[in-house]
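Chemist: I would like to see how this sequence folds:
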Amino acid sequence: MGQARGEVAALHAQLEARVQQRTQELQAANEELSAFAWSLSHYLRTPMQLVMGHADLLVTLPEEERAAHAEGIMQSIGRMSEMLDGLLRYAERHLKPLESRPVPLGDLVQGAWTELAPGADVQLVTHALPVVMGDAAALRLVFRNLLANATQHSRGREGARVVVRASLEQGMHVIEVQDNGVGFDPEAAQRLFRVFSQLPAGQSFEGLGLGLADVWRVVIAHGGHVRTEGRPGEGASFFVSLPAAPGQVLGAPASA
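Modeler: Model (predicted):
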């Protein structure tokens, strides 16, 4: 009887743990959906207001002055179309199920760097990198985006370089991508991972702001975490944690 009660108690504990896990996953999904909806409404509002403003002027202005405002409408519509296309591609990327297999990050990072072809003005330094468990294509996107971000904000600075290193913490590999670029205000750290992320003037990230949002979503889907550190003028570091592959060892360091 005692053994049966113990088994029932253990099963009950397992079920409670599963319910708690699913509840947390649902809460995280709801929070992400809310943030996504806010970003969409917030960043589409500006071009929409520009369209409305130009349209109002078209009604009242003489014919010879309308061309410039018609061009403004077309530019704003183009921007909205670009945003929506980007969102569609972003959503499609994350609808695909992830595979889980050993992925050697040393080879993956070197391949991503070669794809970027940043030129000789930015140096890549890689320390020993591990083999992690995950989806190779999705992780390639993560590190390509992180390297592109680091390169973008280091280029033009003397001795510009990007350093990639790893450490092992509680069964997870923590990969740091560090640059010596322009950095950012620490108060803006969490905003960097939002869709359409925007920073104050002089610190803005080019494009639609989907690159770091991709990083966050892929790493979370792998059961990992993302954080960042930086200061204006002092560079930035992005940290991603990923599951370690069973029995893996760190690879050999390399530079490019």
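Chemist: now the strands for the stretch 151-256 of the chain?
Modeler: 161-169, 172-179, 226-230, 236-243, 254-255 (DSSP state E, counting those that start in this stretch).
Chemist: now do the SS call for Ala120.
Modeler: coil (DSSP: H, G, I helix; E, B strand; the rest coil).
Chemist: hang on, the earlier thing: redo the strands of the stretch 151-256 of the chain as a markdown table? Include mean pLDDT and mean neighbour count.
Modeler: For glycine as for every other residue, the C-beta is placed from the backbone atoms N, C-alpha and C. Shown next, in a markdown table, are the strands of the stretch 151-256 of the chain (pLDDT from 0 to 100; neighbours: other CB atoms under 10 Å):
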| stretch | mean pLDDT | mean neighbour count |
| --- | --- | --- |
| strand 161-169 | 92 | 18 |
| strand 172-179 | 94 | 21 |
| strand 226-230 | 89 | 18 |
| strand 236-243 | 92 | 21 |
| strand 254-255 | 44 | 13 |
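Chemist: format those as a markdown table; extra columns: distance to Leu116.
Modeler: Output for the strands of the stretch 151-256 of the chain, formatted as a markdown table (distance: least, CB to CB, whole Å):
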| stretch | distance to Leu116 |
| --- | --- |
| strand 161-169 | 10 |
| strand 172-179 | 13 |
| strand 226-230 | 20 |
| strand 236-243 | 15 |
| strand 254-255 | 16 |
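Chemist: could you report the neighbour count for Ile77?
Modeler: 14 (other CB atoms under 10 Å).
Chemist: tell me, how many residues neighbour the residue nearest to Asn145 when sequence neighbours are not counted?
Modeler: Leaving aside its chain neighbours, Asn145 sits nearest to Gly211 (4.0 Å; criterion: CB to CB, 6 or more residues apart in numbering). Residues lying near Gly211 (other CB under 10 Å) number 22.
Chemist: which pLDDT value goes with Gly211?
Modeler: Here, the pLDDT recorded for Gly211 equals 78.
Chemist: so how far is Gly53 from it?
Modeler: Counting by CB to CB, to the nearest Å, the separation of Gly211 from Gly53 is 30 Å.
Chemist: what is the rounded mean pLDDT of the helix or strand harbouring Thr114?
Modeler: Assigned by DSSP states H and E, Thr114 belongs to helix 105-116. In this model, helix 105-116 has an average pLDDT of 92.
Chemist: in it, what counts as buried?
Modeler: Neighbour-count burial for helix 105-116 flags 105-106, 108-110, 112-113, 116 (criterion: 16 or more other CB atoms under 10 Å).
Chemist: mind giving me CSV with the residues you listed and columns for distance to Gly156?
Modeler: Listed next are those as CSV, based on distance: CB to CB, whole Å:
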residue, distance to Gly156
Leu105, 28
Gly106, 28
Leu108, 27
Val109, 23
Gln110, 24
Ala112, 21
Trp113, 18
Leu116, 16
